[in-house]
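# Predicted structure and sequence below. I'll ask about it afterward.
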Amino acid sequence: MTEPLILHEFALSGNCYKIRLTAAHVGAVLQRREYNILKLETRTPEFVNNISANARIPVLQIGDRFLPESNAACFWLADSSPLIPIDRFERADMLHWMNWEQYFHEPHIGTMRFLRAFLFEENWSAEQRAAVPTRTEMGNRALGLMEDHLATRHLATRKWFVGDTPTLADICLFPYTSTAKEGGFDLSRYPHVSRWLADVAALPAHVTIIA
């Protein structure tokens, strides 16, 4: 990794955090550029024309190339590292969990965190307010699925989501799960998830969301 790496981010975003967490685990050095999404700083012509036409962050800049989407950036950073399994099935299973996180976990748990911790209830639109019960239910379903998976693996003395060592699956699931309380979710209902969170946080290269 000889090209300069610049992370265009909103630091408190779980999707931005997972890129920093991956970088820490593989020893990559990131320059960081902050944008306030609440002030729509990613919607400016300068950002859209030069960083990402999708007007969203995170974006990992690799030299003069720009890679949007958090899991794609994590995959690029972790290429050829121990975070990506050698076993073909385990590598595919890692991708399964990374895709699941973006489609079934983050849209509910991450959105509830944004509504409660950043937007605040008094500013919710009628549409956002109406969606809260469903998003809360679906977020708890996601946490329940994680709990069941880890409980089964725990009985087999496995600590991680895929295989016997930490992978990108664990890294990508950690940010929004570890901050789920900010979205109104009670993690005490999920003891295996809580144990797994502690195990990820105890890894030597771990960094916190505010680091």
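Perfect, I can see it now. Numbers count the residues shown, from 1 in each chain.
# so which helix or strand takes in A169?
helix 168-178 (DSSP states H and E).
# Show me how far that helix is from its chain's centre.
Here helix 168-178 is found 5 Å from its chain centre; the criterion is Cα atoms, centre = their mean, to the nearest Å.
# relative to helix 168-178, how tilted is the lengthiest helix in the chain?
Ranked by residue count and defined by DSSP state H, the top helix of the chain is helix 126-155. Angle of helix 126-155 versus helix 168-178, following axes from the mean of the first three to the mean of the last three Cα atoms, to 10 degrees, is 130 degrees.
# For the one helix or strand in the chain whose mean pLDDT sits lowest, enumerate the helices and strands it packs against.
Using mean pLDDT, DSSP states H and E, helix 126-155 stands out as the lowest-scoring helix or strand of the chain, at a mean of 93. Judged by 3 or more Cβ pairs under 8 Å, 6 or more residues apart in numbering; DSSP states H and E, the packing partners of helix 126-155 are helix 111-114, helix 168-178, helix 191-201. Yep, even glycine has a C-beta here, placed from its N, CA and C like the rest.
# mind checking which of those is nearest D79?
helix 168-178 (10.2 Å; Cβ to Cβ).
# just the CA coordinates of the closest one, formatted as PDB?
C-alpha atoms of helix 168-178 as PDB (Å, rounded to 0.1, in the frame of the first residue of the first chain):
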ATOM      1  CA  LEU A 168     -13.900  -8.900   8.100                       C
ATOM      2  CA  ALA A 169     -17.300 -10.300   9.000                       C
ATOM      3  CA  ASP A 170     -16.500  -9.500  12.700                       C
ATOM      4  CA  ILE A 171     -15.000  -6.100  11.800                       C
ATOM      5  CA  CYS A 172     -17.900  -5.000   9.700                       C
ATOM      6  CA  LEU A 173     -20.600  -6.200  12.100                       C
ATOM      7  CA  PHE A 174     -18.900  -4.600  15.100                       C
ATOM      8  CA  PRO A 175     -19.600  -0.800  14.600                       C
ATOM      9  CA  TYR A 176     -23.300  -0.700  14.500                       C
ATOM     10  CA  THR A 177     -23.700  -3.500  16.900                       C
ATOM     11  CA  SER A 178     -21.500  -1.900  19.500                       C
END
